[in-house]
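> Quick one: sequence plus predicted model below, questions after.
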Amino acid sequence: RFSLVDSIFLELQDKWFTNKKQPLRNKQDLLKNKLPLPVNECRYMFGCTLESKLKAGQCFIRYQVVDDDGKPLRKPEFKTVVGSVIITKNPCPYAGDIMKLEAVDLPELDCLTDVIVFSTEGDRPDCNKIAGSDLDGDHYFVYWGKQLQIAETIEPLEYKVESPNVSSMPITANNIINHCFSLLGATSYGEIYNLHAIVVDQNLEKHSKRTCQKLAIEMANMFSAAIDSGKTGYQIDKNRIKQNSKYCWQ
């Protein structure tokens, strides 16, 4: 039985997807994956969480079947995924951002379609193990076919959550303006992401798993912090970025 909060969530979700022009259910969206996979074996979908019978390591996925052109069938058909699924998101700066979960059938969640529902159980949410996701509009690539397999599973990274700047004084208009200006001068996550790509490509540490280099992990944490800087107010150390850049180009 859904609580009041859950019912509001479901109502908002229903309005959102009802008014949307089906961008999550067509072939063009699947092309974002840049992988020639069968359209009914994968999806690029929103993630959410809900108190349910889902256990840690489990998820729920019910998708609308589409034809070869990525269009819904004339007579709508939905299927629930059961079995092992591969989940990641873009970007995933660390090898551990690709993980496997077990999709299960829970009829009480059948009303949730074309989204991936994560469990609320466990010491750490499964969604957070994927690039430090916090479900604030995160999209995930989900694959349940047999052609693509993970040869080795890497432990997820413990993305450091930077504490927001909290003021004991009432927030004024000037505070908001100064915060917006500070964001304009902040290091962009695009700059960090490009530097991370250089670090991984050069592999100066000669690591067998390129994204597991110490510097690559540091850049992955920086990237995650930069993504959330608008919410936390945390500013990336520009001097550290310069030091890493010099190290890469020395």
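That came through, no problem. The shown structure was predicted, so the numbers you read here are calculated from the model rather than taken from an experiment.
> how does this protein divide up, domain by domain?
The chain resolves into domains spanning 42-143, 171-249 when parsed by the TED database.
> Of those domains, which is nearest T153?
When the domains of the chain are ranked by proximity to T153, the top entry is domain 42-143, at 6.5 Å, counting by C-beta to C-beta. (Glycine included, C-beta is placed from N, CA and C.)
> Now the closest one: average pLDDT?
For domain 42-143, the mean pLDDT works out to 92.
> What's the end-to-end length of it?
Using C-alpha to C-alpha, to the nearest Å, the span of domain 42-143 from its first residue to its last is 4 Å.
> Now do that domain: distance to the chain's middle.
Remark: domain 42-143 is offset 11 Å from the chain centroid, using C-alpha atoms, centre = their mean, to the nearest Å.
> Just want the phi and psi numbers for the residue lying farthest from the centre of the chain.
Checked against the mean C-alpha position of the chain, the extreme residue using C-alpha atoms, centre = their mean is M169, at a distance of 34.2 Å. The phi and psi torsions at M169 (degrees, to the nearest 10) take the values phi -100, psi 160.
> Then Y44?
Torsion angles at Y44 (phi, psi; degrees, to the nearest 10) stand at phi -110, psi 100.
> What about it, how many residues nearby?
Y44: 18 surrounding residues under other C-beta atoms under 10 Å.
> Can you tell me which of the domains of the chain is most buried?
Each of the domains of the chain was given a mean neighbour count from mean count of other C-beta atoms under 10 Å, and the largest, a mean of 17, is that of domain 42-143.
> gap between D67 and G145?
Taking C-beta to C-beta, to the nearest Å as the criterion, D67 is separated from G145 by 17 Å.
> for H207, same thing?
H207 sits 30 Å away from G145, going by C-beta to C-beta.
> Let's see stretch 97-115 as CSV, backbone CA atoms only.
The C-alpha trace of stretch 97-115 is given here as CSV (Å, rounded to 0.1, in the frame of the first residue of the first chain):
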residue,chain,number,x,y,z
ASP,A,97,30.4,2.7,-12.2
ILE,A,98,29.3,-0.2,-14.3
MET,A,99,27.5,-2.7,-12.1
LYS,A,100,25.2,-5.8,-12.2
LEU,A,101,21.9,-6.1,-10.4
GLU,A,102,19.2,-8.7,-10.3
ALA,A,103,15.9,-7.6,-11.8
VAL,A,104,12.9,-9.2,-10.1
ASP,A,105,9.2,-9.3,-10.7
LEU,A,106,7.1,-7.4,-8.1
PRO,A,107,3.5,-7.0,-9.3
GLU,A,108,2.9,-4.2,-6.8
LEU,A,109,5.3,-2.1,-8.9
ASP,A,110,3.8,-2.8,-12.3
CYS,A,111,2.5,0.8,-12.4
LEU,A,112,6.1,2.0,-12.8
THR,A,113,7.1,1.6,-16.4
ASP,A,114,10.1,2.7,-18.4
VAL,A,115,12.0,3.6,-15.2
